[in-house]
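K.L.:
Quick one, fold the following:
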Amino acid sequence: MNIAVQNGTILRFANREDLFQIDSITAVCYKAIHESWKILQGEDIYDILNDPKESWQERKNAKNHELFTEHPEWVWVLKSANGIIGYVTFRIQSEKHLGIILNNGILPEHTGKGLGTFMYRHVLRYLREHDVQVAMVEVDLDDAHIPARRAYEAVGFDRVNKIALYWQNLQRDYPESVHE
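P.N.:
Predicted structure coming up:
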């Protein structure tokens, strides 16, 4: 079922047949993000924090597939004449009246055309219609997330809690703390 149309691009509920294309879009859209994480954390820490038996793509895809199995109405795709070009997933925590935008992405050749803003506006409308009072999205502050942050801000996300994540490889020698 179609949710909305913009310049010939259809936003609609995903179906099981779309999951393969969602997986492909995830691999393209999240590659730079994981490369950025590897640089920020250092390969040694990145490798420790990520299960070597399962790639980041497999973990992301599994989350999307699990959400689709539980709540297919919370997985939407963008379809153009060229096929599926983007997607968005979200979750509603009814007891908290909270909506959370989760994994999402648009193929690079289709970015910069307002499609992210288009998707998020309709997700936010859907959340309001389902008695959600607060919407949130988690996004990193690295350069790989600049387009995502712009799109979220364009639809009104305006309260930011900036945090810092610190890592330390305990297998390396570090100077003893002066506060021991």
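K.L.:
Packing partners of the strand of greatest length in the chain?
P.N.:
What stands out as the longest strand in the chain, according to DSSP state E, is strand 83-93. If contacts are counted by 3 or more C-beta pairs under 8 Å, 6 or more residues apart in numbering; DSSP states H and E, strand 83-93 sits against helix 19-41, helix 56-70, strand 75-80, strand 98-106, helix 115-129. For the C-beta atoms, the positions are set from N, CA and C on the backbone; glycine is no exception.
K.L.:
And the residue nearest the centre of the protein?
P.N.:
By C-alpha atoms, centre = their mean, the chain has its centre lying nearest to Asn103, at 2.8 Å.
K.L.:
what's the pLDDT at that one?
P.N.:
Per-residue confidence (pLDDT) for Asn103: 95.
K.L.:
Put together JSON lines for the helices and strands packed on strand 83-93, with distance to Ala154 on each row.
P.N.:
Shown next, in JSON lines, are the helices and strands packed on strand 83-93 (distance: least, C-beta to C-beta, whole Å):
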{"stretch": "helix 19-41", "distance to Ala154": "18"}
{"stretch": "helix 56-70", "distance to Ala154": "24"}
{"stretch": "strand 75-80", "distance to Ala154": "16"}
{"stretch": "strand 98-106", "distance to Ala154": "13"}
{"stretch": "helix 115-129", "distance to Ala154": "5"}
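K.L.:
what about the residue nearest to the centre of the chain, distance to Tyr166?
P.N.:
Distance, Asn103 to Tyr166, using C-beta to C-beta, to the nearest Å: 25 Å.
K.L.:
can you check Phe90 too?
P.N.:
Relative to Tyr166, and taking C-beta to C-beta, Phe90 is found at 29 Å.
K.L.:
Give me the more crowded residue out of these two.
P.N.:
Phe90 (25 against 4; other C-beta atoms under 10 Å).
K.L.:
what sits against the closest residue to that one other than its chain neighbours?
P.N.:
Excluding the flanking residues, the one nearest Phe90 by C-beta to C-beta, 6 or more residues apart in numbering is Ile101, at 4.9 Å. Counting by C-beta atoms under 8 Å, 6 or more residues apart in numbering, Ile101 touches Val88, Thr89, Phe90, Tyr120, Val123, Ala135, Met136, Val137, Tyr152.
K.L.:
isn't the second one right next to His65, touching?
P.N.:
No: the pair Thr89 / His65 is not scored as a contact, 10.4 Å apart, by C-beta atoms under 8 Å.
K.L.:
tally of neighbours for the closest residue in space to Gln6 that isn't next to it in sequence?
P.N.:
Counting by C-beta to C-beta, 6+ apart, Gln6 lies nearest to Phe118, which is 4.9 Å off, once chain neighbours are set aside. Residues lying near Phe118 (other C-beta under 10 Å) number 22.
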